[in-house]
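Peer 1: Just a sequence and a predicted model for now, questions to come.
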Amino acid sequence: SYVRPLAFGIFAVAGSISQTELSGIPGVGAVAVDSGLTAATVDPYFPTQWGLDNDGSSTDPWEVVFDADIDAPEAWHRTRGQGVIVAVIDSGADITHPDLAANVWRNSAEDCGNGLDDDTNGYVDDCVGWDFANGMATVTDFVGHGTHVAGIVAAEADNGIGIAGIAYESDVMILKIGDGTPALSAAIEAMAYAVDNGAQIINASWVVDDAGAAPFLDTAIQAAADSGVLVGAAAGNEPSDIDTEPVYPAASTLDNVITVAASTPTDEPAAWSAYGKTSVDIFAPGDYIVSTVPGGYGIYSGTSMAAPMVAAAAALLWAATPEATYREVKGALLDRSDGPNEGVVAYRDLATSDGRLNIDRSIYSAPLFRPPVSYEFYDFNSFEPDTDHAVSITAKTVDPWRVPPQTPTMYRAGLYVPVAGQPMAVVGQEITFTGADGDLTVTTDVTGRALVGTEFEPQSRSALVQGGDVTPLTMELPAGTYAFVMEIVDITDAESPV
């Protein structure tokens with residue numbers, strides 16, 4: 001039988017043991033079947049948000065390919081964008097929308113409605129942002145574009161209505177620059193406002209095709225870079241190579257710009273999307289995107305929808321690791337996109353990354369965000385499948401390891417099997433480690449773990465710090481599928497993995 005501790009003295013048990021047998025074990029107070037639960041709150045349109053998560057079985061009126069998404073739910077286990085401000089420079093937003101209102105940025109330095117510039121920033125009653133096109137505090141969205149973009153970033157999740165934003169615990173700063181074609185002057189002023197008021201990410205779901213505007217936009221973008229702010233830019237909705245037919249800010253060469261083209265539910269570049277091996281950084285879902293619009297919800301397509309996907313992903317990364325720089329955040333998004341190495345080849349040579357956004361890979365795989373200790377297991381012995389066998393493994397640490405060399409440590413092993421999709425502890429399994437002074441055999445406890453005591457000397461103590469072989473181990477296992485875990489823990493506190 002296999003055991004997994006839950007909490008409050010409750011354990012999950014799987015195996016051939018019956019409820020009656022479990023009830024007869026001393027110390028067991030009660031036994032119940034592990035039945036399924038129904039979610040208390042759901043976002044009813046979430047199943048239509050194919051770009052966040054899909055299993056290929058969508059009932060929507062468009063074809064969806066399995067996993068042509070950014071793996072948002074997987075990332076939400078680690079981060080939801082809490083505390084990060086994303087400035088949406090657009091057509092305004094419906095700040096009373098029930099799926100948006102709670103996540104609209106508020107200017108705490110302004111006493112709203114008193115007709116005064118309380119924070120002396122030059123804007124009277126700028127309580128939720130500013131309309132730079134009309135010089136007023138209201139940011140009403142008359143065209144729906146800005147509301148749609150804001151919802152992609154930060155619509156509330158699990159509130160029982162509508163959709164889920166990608167960074168649904170972030171704050172969206174609503175900066176209006178027009179009801180149609182944005183004014184260059186308004187966009188520049190809005191960027192300055194965003195930087196001055198704490199935005200870490202600016203989303204620009206618009207383009208200017210006048211090359212004469214580029215130096216003025218770049219001045220504002222460079223000021224954002226100087227303050228550590230990332231600018232997400234839509235690539236444009238003309239199927240052209242913006243390396244040779246540039247639009248701005250998408251084609252800016254400044255390194256704090258991340259330019260986004262649009263992918264489709266079939267995991268291909270949208271036929272109408274701009275591209276560019278040098279100017280475009282990454283693709284993201286931008287076709288048939290469901291989000292908020294004034295008074296309700298709507299389906300839009302465009303690189304305007306793809307850009308906030310990436311802006312929100314950046315918010316998730318920054319919430320997970322606040323000390324990261326914009327270069328590190330941008331690098332994680334690009335380096336860990338789904339591209340040719342993951343079997344996704346449709347974006348090759350159409351963007352710098354050759355890939356489509358995958359926020360889960362960005363968070364868990366990038367060197368900046370992964371745990372400081374990683375291991376390789378190798379020298380597995382071969383055996384016939386479906387038979388009992390002896391397993392021999394060699395473990396090694398992988399440079400760099402950010403634990404000071406003088407930290408006193410010892411080993412802890414863990415062994416688990418998957419049962420109904422859950423990891424269950426293998427209890428009572430002997431594991432033999434081969435050290436410098438001989439073998440040491442330990443036995444897994446009720447948590448599936450076994451602590452290798454301080455008396456054990458690994459074959460190479462220096463390998464713990466420098467990288468290299470740590471120690472071989474062996475165990476006799478019945479036929480099956482197993483997960484083996486190796487930890488290095490503080491010698492004074494075994495519950496503190498280092």
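Peer 2: Received, thanks. Numbering: from 1, shown residues only.
Peer 1: What distance do you get for the closest residue to A213 other than its chain neighbours to E323?
Peer 2: Spatial nearest neighbour of A213, excluding adjacent residues (Cβ to Cβ, 6 or more residues apart in numbering): L184 at 5.2 Å. For every residue, glycine as well, the C-beta is placed using N, CA and C. The gap separating L184 from E323 is 34 Å, by Cβ to Cβ, to the nearest Å.
Peer 1: Compare neighbour counts for the two and give me the winner.
Peer 2: The neighbour comparison of L184 against E323 (other Cβ atoms under 10 Å) goes to L184, with 17 against 7.
Peer 1: so that one touches W206, yeah?
Peer 2: No - with contacts counted by Cβ atoms under 8 Å, L184 stays clear of W206, the gap being 10.5 Å.
Peer 1: which residues in the stretch 151-300 of the chain form helices?
Peer 2: 184-196, 214-226 (DSSP state H, counting those that start in this stretch).
Peer 1: which one of these has the most crowded surroundings?
Peer 2: Mean neighbours per residue, mean count of other Cβ atoms under 10 Å, is largest over the helices of the stretch 151-300 of the chain for helix 184-196, with a mean of 21.
Peer 1: what's the distance between it and the middle of its chain?
Peer 2: 28 Å (Cα atoms, centre = their mean, to the nearest Å).
Peer 1: Give me the mean pLDDT for that helix.
Peer 2: Helix 184-196 carries an average pLDDT of 95.
Peer 1: relative orientation of that helix and helix 214-226 in degrees?
Peer 2: Interaxial angle, helix 184-196 versus helix 214-226 (axes from the mean of the first three to the mean of the last three Cα atoms, to 10 degrees): 10 degrees.
Peer 1: Show me the contact partners of helix 184-196.
Peer 2: Residues outside helix 184-196 that contact it (Cβ atoms under 8 Å, 6 or more residues apart in numbering): 87, 89, 121, 123, 130, 132-133, 173, 175-178, 202, 204, 206, 208, 210, 213, 216-217, 219-221, 223-224, 227, 229, 231.
Peer 1: And the pLDDT for the closest residue in space to T292 that isn't next to it in sequence?
Peer 2: Of all residues not flanking T292 in the chain, G151 sits nearest, at 3.2 Å (Cβ to Cβ, 6+ apart). With respect to pLDDT, G151 scores 98.
Peer 1: With R449 instead?
Peer 2: 90.
Peer 1: How about the one 4 residues further on?
Peer 2: Reported pLDDT at G453 in the predicted model: 73.
Peer 1: again, but for G115
Peer 2: Looking at G115, its pLDDT reads 92.
Peer 1: And for P322?
Peer 2: So P322 comes in at 88 (pLDDT).
Peer 1: for it, what are its contacts?
Peer 2: G83.
Peer 1: Which helix or which strand is home to it?
Peer 2: Under the criterion DSSP states H and E, no helix or strand holds P322.
Peer 1: Next one: F456 from L116, what distance?
Peer 2: 70 Å.
Peer 1: Tell me which of these two has more neighbours.
Peer 2: F456 (18 against 11).
Peer 1: how much space is there between that one and M410?
Peer 2: 7 Å.
Peer 1: again, but for V391
Peer 2: The gap separating V391 from M410 is 22 Å, by Cβ to Cβ.
Peer 1: Please apply the same query to I393.
Peer 2: Remark: distance between I393 and M410 (Cβ to Cβ) = 18 Å.
Peer 1: can you check R361 too?
Peer 2: 32 Å.
Peer 1: Tell me which of the two has more neighbours.
Peer 2: R361 (21 against 18).
Peer 1: other SSEs contacting the lengthiest helix in the chain?
Peer 2: The longest helix of the chain (DSSP state H) is helix 303-320. The contact analysis (3 or more Cβ pairs under 8 Å, 6 or more residues apart in numbering; DSSP states H and E) places helix 303-320 against strand 85-90, helix 145-154, strand 201-204, strand 230-234, strand 257-263, strand 282-285, helix 326-335, helix 359-365.
Peer 1: Just give me the neighbour total for G144.
Peer 2: By other Cβ under 10 Å, the residues close to G144 number 20.
Peer 1: which residues touch it?
Peer 2: G144 neighbours (Cβ under 8 Å, 6+ apart): S91, V293, P294, G298, Y300.
Peer 1: Would you reformat those residues as TSV and include pLDDT?
Peer 2: Shown next, in TSV, are these (pLDDT from 0 to 100):
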residue	pLDDT
S91	96
V293	97
P294	97
G298	96
Y300	96
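Peer 1: what pLDDT does the closest residue to A30 other than its chain neighbours get?
Peer 2: Distance criterion Cβ to Cβ, 6+ apart; nearest residue to A30, sequence neighbours excluded, is S23 at 7.9 Å. Looking at S23, its pLDDT is 83.
Peer 1: Next: A425.
Peer 2: 91.
Peer 1: do G343 as well
Peer 2: At G343, pLDDT is 89.
Peer 1: what number of residues lie near it?
Peer 2: For G343, the count of nearby residues is 7 (other Cβ under 10 Å).
Peer 1: quick one: it from I282, how far?
Peer 2: Noted for G343: a distance of 17 Å to I282, by Cβ to Cβ.
Peer 1: My understanding was that K176 contacts F132; is that so?
Peer 2: Yes - using Cβ under 8 Å, K176 is in contact with F132, at 6.5 Å.
Peer 1: helices and strands of this protein: which one has the lowest mean pLDDT?
Peer 2: Ranked by mean pLDDT, DSSP states H and E, the weakest helix or strand in the chain is helix 463-466, scoring a mean of 50.
Peer 1: show me what contacts V28?
Peer 2: V28 makes contact with L22 under the criterion Cβ under 8 Å, 6+ apart.
Peer 1: Distance-wise, check it relative to A235.
Peer 2: For V28, the distance to A235 - Cβ to Cβ - is 60 Å.
Peer 1: Can you tell me the element E74 falls in?
Peer 2: Taking DSSP H and E as the criterion, E74 maps to helix 72-76.
Peer 1: Double-check that P418 belongs to a strand.
Peer 2: Yes - secondary structure of P418 (DSSP: H, G, I helix; E, B strand; the rest coil): part of a strand.
Peer 1: Do a quick rundown of the strands in the stretch 51-200 of the chain.
Peer 2: For the stretch 51-200 of the chain, the strands defined by DSSP state E, counting those that start in this stretch occupy 85-90, 129-131, 171-176.
Peer 1: Make TSV out of those strands and add mean neighbour count.
Peer 2: Below are those laid out as TSV (neighbours: other Cβ atoms under 10 Å):
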stretch	mean neighbour count
strand 85-90	29
strand 129-131	27
strand 171-176	28
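Peer 1: and those as TSV, adding mean pLDDT and distance to V64?
Peer 2: Shown next, in TSV, are the strands of the stretch 51-200 of the chain (pLDDT from 0 to 100; distance: least, Cβ to Cβ, whole Å):
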stretch	mean pLDDT	distance to V64
strand 85-90	98	27
strand 129-131	96	35
strand 171-176	98	27
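Peer 1: TSV for those, including distance to M309?
Peer 2: As requested, those are exported to TSV (distance: least, Cβ to Cβ, whole Å):
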stretch	distance to M309
strand 85-90	12
strand 129-131	21
strand 171-176	14
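Peer 1: Can you say which of the ones you listed is nearest to I258?
Peer 2: strand 85-90 (12.9 Å; Cβ to Cβ).
Peer 1: ok, the residue lying closest to T79 once chain neighbours are set aside - how many residues close by?
Peer 2: Nearest non-adjacent residue to T79, counting by Cβ to Cβ, 6+ apart: A320, 4.0 Å away. A total of 22 residues lie near A320 under the criterion other Cβ under 10 Å.
Peer 1: so A320 touches H77, yeah?
Peer 2: No - here A320 lies out of contact with H77, judged by Cβ under 8 Å, at a distance of 10.6 Å.
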